[in-house]
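> coordinates only, no sequence provided:
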């Protein structure tokens, strides 16, 4: 959806999502989120054929910054860069399913 959420709210949203008759959605980890960046594109830096309507902004991952537990990693799909920010910051959410 086109709503920004805090990190905690992003996790809760994905875990509670029921979409396409599936209920096993989750927030992707930083490696998964980084894997869909298309570095040949910007604004947004993603293949919009497969990921239409992606905001050119920061999307949360489920990965907490190891030595800064009030921060979590995310990807800015404007330029494809990986950033971390306060978990209280509002970012976009892309839920995934499958894998670990």
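That came in fine, so what should we check first? Since this is a predicted model, take the numbers as computed values, not measurements. Numbers count the residues shown, from 1 in each chain.
> need phi/psi at residue 25.
With angles defined as degrees, to the nearest 10, residue 25 sits at phi -80, psi 150.
> what number of residues lie near it?
Neighbour count for residue 25, taken as other Cβ atoms under 10 Å: 17. Any C-beta I mention is one placed from the backbone N, CA and C, and that applies to glycine too.
> how about residue 7, nearest residue that isn't a chain neighbour?
Sequence neighbours aside, residue 87 is the residue nearest to residue 7 in space, at 3.7 Å (criterion: Cβ to Cβ, 6 or more residues apart in numbering).
> from residue 52, how far out is the residue of the chain most remote from its centre?
Here the centre of the chain is the reference, and by Cα atoms, centre = their mean the most remote residue is residue 21, at 21.4 Å. Applying Cβ to Cβ, to the nearest Å, the value for residue 21 to residue 52 is 21 Å.
> same question for residue 8.
27 Å.
> which of these two has more neighbours?
Neighbours of residue 8 and residue 52, each counted by other Cβ under 10 Å, are more numerous for residue 8; the result is 12 against 8.
> can you give me the pLDDT of that one?
On pLDDT, residue 8 comes in at 98.
> I'd say it and residue 86 touch.
No. Using Cβ atoms under 8 Å as the test, residue 8 is too far from residue 86 to be in contact (11.3 Å).
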